[in-house]
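need coordinates for the below:
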Amino acid sequence: MTRRPISTYRLQISEDLTLNQAADLTGYIADLGADWAYLSPLLAATPGSNHGYDVVDHSRVDPERGGEAGLERFAAAARAAGLGILVDIVPNHVGVATPRLNPWWWDVLRLGRESRHAVAFDIDWPAGGGRLLLPILGSAPDEVIARGELVIDTAPADDAPDGTLAYFDHELPLAPGSGALADDLPALLAAQHYELRFWEDQNTELNYRRFFAVVELAGIRVELPDVFAESHREIVRWVRDGLADGIRVDHPDGLADPAGYLEQLADATGRVYTLVEKILEPGEALPAYWRTDGTTGYDALAELDRVFVDRDGVDELTRLDARLRADSGLAEAQSWPDLIHDTKLMIARELLGSEVRRLVRTLPHGIVQADDALAELLACFPVYRSYLPEGIVHLRHAFAEARRRRPELAVAFDELEPLLADPRHEVAQRFQQTSGAVMAKGVEDTAFYRYTRLGTLTEVGADPSIAALSVEEFHEAQRARLAGWPHSMTTLSTHDTKRSEDVRARLAVLSEIPERWAEVLDELRAVASTGHGPLDALLWQAAVGAWPIPSDRLLAYATKAAREASESTTWQHPDEAFEEGLAAIAASVEGDARPVLDRFVAEILDAGRSNSLSAKLLQLTGPGVPDVYQGSELWDFSLVDPDNRRPVDFAARARLLRELDADAARGVLPPIDDSGRAKLLVTSRTLRLRRDHPEMFRFYRPAVIEGEAADHAVAVHRGGATAVATRLPVGLARRGGWGDTVMMRPDIPGTDVLTGRRIEPGAVRLADLFATYPVALIELAR
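Model prediction:
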């Protein structure tokens, strides 16, 4: 029988937190109450990688992360602490930034199609004239040669018998026999199995599949049995040898056949607990036939966020956005569907133009304007991808929408539709792999940075056109998770979230005070501005949400946000003059903006903390397997990566937990203050109760709340435990508090696990229940 976790605790394993160091944390993780440890990728990755998703060698545990000995020590420590182990794996791609470190890639560069590893990579050899196109040059090849920037070393090495070619930090092997041409550089270059190209050619001329738009991450073909076996041999060994109990699959949507891959994985591992990093659009269901236990939880995150957002306030923030646009001389805001259509179309035409061109090359016959039509279809595709024949409805939607938007391409659409609907055609398979990349780059990495009225709404897995959920809508979503995917993960923060849970919880307060926020934003923009009102709103929200934040962290966020938005500056072509405005905003938080931020954050601090504690309780008690991202058991005010991958002070957390337990034994409760001990209390007590008494969380029944403030409570009976949380705290305060609002409960006494307070049988007044904290977790007497 498959062993499944009750909860998990995510650790980012890197050279800053090795497996040996993580082994020393297993006691703390168990004391916190988590059931399993959840580890980021462990296979050998590019040196210095802080995430591990750039695997260079599938045969070994990364020595920077502790190596095999470190994994064995960690596993032994986890077992001693009673923890299971969930490991993140990366089947879609490998790191090729430093070719010599990746034996497969190096061999392909040296031997070309004759390499036994050539089949492992998804390379369109004919498109490169039989060569692999490498867009690594800073200018045109002729200019590079003329400046003498290529260095040839014909000294033999074990992995490069004919020597190497170097271009600054790039080192490449020479093809067999080509070293003799060292004195004739053009001839030598022509003799290689790769062709050096100007870096911008990656947008249009790349001939290998990559992860999204990252040329340093090359796609591999795990659908081939030999490639699967060789890339998963070490992972399967971990399971077989008791070093891992479950697997988290990164980016399955990039694979040729995700369902088939999951079948292979289940057969190879004995059907261990398996999660997929799959982003579901509203109303989209995870394929029921997949051999998986669920997703990594972004769908749950969106639901949890939105129950704390004031829908009417978002409408007011939309009007503020319109004013900012007018003041900045910008066009009126587009609707969300139109915005993401245009950003996706931009991505398909520009950043991922190489992928669209490859789709055209895989067509069984020529189609006039095929490139334009395919780009439009990718822009109109409503979800990340289909899994034909499942998802044909999404393909039909894309064609209908594309025909509406581009009637002049009707003939091309008519010819493409039967081809893209038939999974036997290569173009249909590749279209499915490409649509997810266009969605990710066009929506998460572009539109999310343009739709700026409320940062809480633009989180991974979310649709900002759905601004808020009512209490009943929230409950319905949780009931659906329990019924359909009871072992799916839930989360509030990850290594990929745009903002940590506590930043989003604080920003949600803005939806309750939109007029006040408009006043403060005007003050802040008077201090420093980019001249682009909506972007200013995004950046000042980041400062408010993560306050106090130093200027260097804010500048890093501002630069990434502005370049991702691709309106006034971009990654490939930064606008230095515009980015001076970003620097001005960042610098001002340590100058004239500081008193404004201090005053305003003080106004919303308590409400933000109420939202944080409430969201944490609902996540940890809700259906699914709740994950706690490293460090988020205390307040965590992180922004987008790499900010959310900073080192965590685990020693301080362990000390605070010990103190918390000692205080509890004396009946002393932590205040809700800057220390974050109140959040640690909610996290530890809830995790412990769920781990020690899983039978108390076997069903989901919304509690009945009666009274004038009923809409400000979210309460649910899970079996032997009842979770009660506060929502829209500013509105609650405006109406004078809870008044006589009560929660109906059985005629059985209980105990609030958070405070130790006895709860008498029958209905309980929320004013009494929330006398200490804005949340309560009632354990029924047994």
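
select the longest helix from this structure.
The longest helix of the chain (DSSP state H) is helix 593-621.

what comes up buried for that one?
Buried positions in helix 593-621, judged by neighbour count with 16 or more other CB atoms under 10 Å: 593, 596-597, 600-601, 604-605, 607-621. Every residue, glycine included, has its C-beta placed from N, CA and C.

state the next helix or strand along the chain beyond it.
Using DSSP states H and E, the next helix or strand after helix 593-621 towards the C-terminus is strand 625-629.

next, the angle helix 593-621 makes with that following strand.
Angle of strand 625-629 versus helix 593-621, following axes from the mean of the first three to the mean of the last three CA atoms, to 10 degrees, is 150 degrees.

just the C-alphas of strand 625-629, formatted as CSV.
Provided in CSV are the C-alpha atoms of strand 625-629 (Å, rounded to 0.1, in the frame of the first residue of the first chain):
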residue,chain,number,x,y,z
VAL,A,625,-1.3,17.5,2.2
PRO,A,626,-0.2,20.9,3.5
ASP,A,627,3.4,21.9,2.8
VAL,A,628,5.3,24.4,4.9
TYR,A,629,8.0,26.2,2.8
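
buried residues in the helix or strand following that strand?
Following strand 625-629 in sequence order, the next helix or strand is helix 650-665 (DSSP H and E). Using 16+ other CB under 10 Å as the test for burial, helix 650-665 gives 650, 653, 654, 656, 657, 660, 664.

contacts only, for the first one.
Right, the one you point to is residue 650. Contact partners of residue 650, counting by CB atoms under 8 Å, 6 or more residues apart in numbering, are 25, 28, 631.

low-scoring stretches of the stretch 101-250 of the chain, by residue?
The model of the stretch 101-250 of the chain has no residue with pLDDT under 70.

again but with the chain, I slipped
Looking at the chain by pLDDT under 70, you get an empty list.

for the residue nearest in space to the middle of it, which non-adjacent residue is closest in space?
With distances taken as CA atoms, centre = their mean, residue 496 lies nearest the centre of the chain, 3.1 Å away. Among residues not flanking residue 496 along the chain, residue 460 sits closest, at 5.7 Å (CB to CB, 6 or more residues apart in numbering).

returning to that earlier point: any chance of JSON lines for the contacts of residue 650, columns distance to residue 234?
Output for the contacts of residue 650, formatted as JSON lines (distance: CB to CB, whole Å):
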{"residue": "25", "distance to residue 234": "23"}
{"residue": "28", "distance to residue 234": "28"}
{"residue": "631", "distance to residue 234": "29"}
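
what comes up buried for stretch 748-762?
Per 16+ other CB under 10 Å, stretch 748-762 contains these buried residues: 750, 752, 753, 754, 755, 757, 759.

what sits up against that stretch?
664, 667, 669, 681-682, 685-686, 689, 721-722, 745-747, 769, 772-773, 775-781.

quick one: which of these sit in strands?
721, 722, 775, 776, 777, 778, 779, 780 (DSSP state E).

of these, which pair is most distant in space?
Pairwise distances across the ones in strands among the contacts of stretch 748-762 (CB to CB) peak at 17.2 Å, for the pair 775 and 780.

about what we covered before: out of the contacts of residue 650, who's nearest residue 287?
Looking at the contacts of residue 650 and their distance to residue 287, the nearest is residue 631, at 33.5 Å (CB to CB).

can you tell me how far that closest one is from residue 12?
9 Å (CB to CB, to the nearest Å).

cool, residue 315 as well?
38 Å.

of the two, who's got more company?
Higher neighbour count among residue 315 and residue 12: residue 12, with 24 against 13, using other CB atoms under 10 Å.

quick check: closest non-adjacent residue to that one.
Leaving aside its sequence neighbours, residue 12 sits nearest to residue 40 (CB to CB, 6+ apart; 4.9 Å).

just checking, the one you found touches residue 13?
Yes: in this structure residue 40 lies within contact range of residue 13 using CB atoms under 8 Å: 5.1 Å.

list residues touching both of these two?
With CB under 8 Å, 6+ apart as the test, residue 40 and residue 13 both reach residue 52.

next, give phi and psi for the residue nearest to the centre of the chain.
Main-chain torsions, residue 496, degrees, to the nearest 10: phi -110, psi -10.

that one and residue 210: what is the separation?
From residue 496 to residue 210 the distance is 18 Å (CB to CB).

and the buried residues of stretch 748-762, which is closest to residue 404?
Distances from residue 404 to the buried residues of stretch 748-762, taken by CB to CB, are shortest for residue 754, at 53.3 Å.

so where does that closest one fall, helix or strand?
Here residue 754 is assigned to no helix or strand, by DSSP H and E.

list the contacts for the nearest residue to residue 510 once chain neighbours are set aside?
Using CB to CB, 6+ apart and skipping the chain neighbours, the partner closest in space to residue 510 is residue 517 (4.6 Å). Contact partners of residue 517, counting by CB under 8 Å, 6+ apart, are 317, 320, 510.

what are the ranges of the helices in the stretch 51-200 of the chain?
Ranges of helices in the stretch 51-200 of the chain, per DSSP state H, counting those that start in this stretch, are 67-80, 103-111, 141-146, 185-190.

nearest to residue 738, of the ones you listed?
Nearest of the helices of the stretch 51-200 of the chain (CB to CB): helix 67-80, 43.2 Å.

in the helix or strand hosting residue 325, what counts as buried?
Following DSSP H and E, one finds residue 325 within helix 311-327. For helix 311-327, burial by neighbour count (16+ other CB under 10 Å) applies to 313, 314, 316, 317, 320, 321, 322, 324, 325.

residues in contact with residue 292?
Neighbouring residues of residue 292 by CB under 8 Å, 6+ apart: 249, 262, 274, 275, 276, 286.

can I assume it sits in a helix?
No: with DSSP: H, G, I helix; E, B strand; the rest coil as the criterion, residue 292 is coil rather than part of a helix.

so how far is residue 253 from it?
Separation of residue 292 from residue 253 (CB to CB) stands at 13 Å.

do residue 439 as well
9 Å.

shared neighbours, those two?
Taking CB under 8 Å, 6+ apart as the contact rule, the neighbours common to residue 439 and residue 253 are 384, 385.

neighbour-wise, which of the two wins?
Remark: of residue 439 and residue 253, residue 439 carries more neighbours, 24 against 21, as counted by other CB under 10 Å.

now the residue nearest to residue 510: which helix or strand?
Going by DSSP H and E, residue 517 is part of helix 514-527.

after that helix, next one along is what?
helix 533-545.

using PDB, write out every CA atom in that following helix.
This file holds the C-alpha atoms of helix 533-545, laid out as PDB (Å, rounded to 0.1, in the frame of the first residue of the first chain):
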ATOM      1  CA  GLY A 533       2.000  54.500 -13.000                       C
ATOM      2  CA  PRO A 534       0.900  50.900 -13.000                       C
ATOM      3  CA  LEU A 535       4.600  49.700 -12.600                       C
ATOM      4  CA  ASP A 536       5.000  52.200  -9.800                       C
ATOM      5  CA  ALA A 537       2.000  50.600  -8.100                       C
ATOM      6  CA  LEU A 538       3.600  47.200  -8.400                       C
ATOM      7  CA  LEU A 539       6.900  48.300  -7.000                       C
ATOM      8  CA  TRP A 540       5.500  50.300  -4.100                       C
ATOM      9  CA  GLN A 541       3.200  47.300  -3.300                       C
ATOM     10  CA  ALA A 542       6.300  45.200  -3.100                       C
ATOM     11  CA  ALA A 543       7.900  47.700  -0.700                       C
ATOM     12  CA  VAL A 544       4.700  47.700   1.500                       C
ATOM     13  CA  GLY A 545       4.300  44.000   1.400                       C
END
